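Novice: Structure for the following, please:
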Amino acid sequence: MRTQTATAADTAQDQKPRVLVVDDEPSLADLISMALRYEGWETRIARDGAEALASIPDFKPDLMVLDIMMPELDGLEVLQRLRSEGDQIPVLFLTARDSLQDRLTGLGAGGDDYLTKPFSLDELVARVHALARRSTTTLRQATDPVRRFGDLTLNEHSCEVQRGGETINLTSTEYELLLFLMENEQRVVSKAKIYERVWHGEYDGSRAVVELNISYLRKKLETGRSPIIRTVRGVGYILKQASDD
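Specialist: Okay, the predicted model is just below:
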């Protein structure tokens, strides 16, 4: 089985996070998989616990969405086997059981989060992203805390940002905005996603705060240098090198 460190190395190499969706309801598994693919994840579906365990060595998922109530080998047994072999893959449990004791049992077995059926796909996607961020942060603390994009570097330990070796002083909001763009480098992120991540609220489409802070960030990063924050009209923003045009 993989350790969490091995998973991080795989992810850095592939640059596309992978999630294994395990559920014995085909329509639900397909729906979850489609929603996560739309968010940029590579997905694979397993219809039962045995298939999930058989898929892991080949697929090497970074995260698992795991139904608890499955015939023969249920989700709790799957996770117990993984944890006993040292696999620390983050797991979001899905279940129709919603009592406090059921939640405690799932989390006590080594689950990282717990979502009861029926659920909102938007909430599931948000929880998957949150789990991935927490896992990535933990891994990065044990490995390299520095993000790089061309001549731009961001150190998540010291919160220091440099471009071309020159230190750039950012406000806390500008730093969070840049971190989010770097987490999604080469991928367009919408104003709504930026607002939700940086300002922790629901974007109503009328707020100019995102555009304003993008403008401030561009001035600090790009004055006298090549542009790297590109506007995709009607969609959002993307970190992109001039050489990629």
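
Novice: what does the helix or strand encompassing R218 contact?
Specialist: In the assignment (DSSP states H and E), R218 maps to helix 209-222. The contact list for helix 209-222 (C-beta atoms under 8 Å, 6 or more residues apart in numbering) reads 152, 163, 168-171, 173-174, 177-178, 191, 194-195, 198-199, 203, 227-229, 231, 237. Any C-beta I mention is one placed from the backbone N, CA and C, and that applies to glycine too.

Novice: need the contact list for A50.
Specialist: 72-73.

Novice: Please state the backbone phi and psi of I168?
Specialist: Phi and psi for I168, reported as degrees, to the nearest 10, are phi -120, psi 120.

Novice: what number of residues lie near G224?
Specialist: Residue crowding around G224 was assessed by other C-beta atoms under 10 Å; the count is 7.

Novice: just to revisit the earlier point, give me the buried entries from the contacts of helix 209-222.
Specialist: 152, 163, 168, 170, 174, 177-178, 191, 194-195, 198-199, 203, 228-229, 237 (16 or more other C-beta atoms under 10 Å).

Novice: what's the most distant pair in the residues you listed?
Specialist: R163 and Y203 (28.2 Å; C-beta to C-beta).

Novice: which stretches of the protein have low pLDDT?
Specialist: Low-confidence regions of the chain, defined by pLDDT under 70, span residues 1-15, 98-110, 134-144, 201-207, 243-245.

Novice: now the helices for it?
Specialist: Secondary structure of the chain (DSSP state H): helices at 4-14, 26-38, 49-59, 75-84, 100-108, 121-142, 172-183, 191-198, 209-222.

Novice: Buried residues, the fourth one. List them.
Specialist: When burial is assessed from 16+ other C-beta under 10 Å, helix 75-84 yields the following buried residues: 75-79, 82-83.

Novice: TSV please, covering these and showing distance to K117.
Specialist: Shown next, in TSV, are the buried residues of helix 75-84 (distance: C-beta to C-beta, whole Å):
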residue	distance to K117
G75	13
L76	16
E77	19
V78	18
L79	18
L82	22
R83	24
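
Novice: now, which of those residues sits nearest S55?
Specialist: V78 (10.9 Å).

Novice: was I right about that closest one contacting V22?
Specialist: Yes: here V78 reaches V22: they are 7.1 Å apart, a contact under C-beta atoms under 8 Å.
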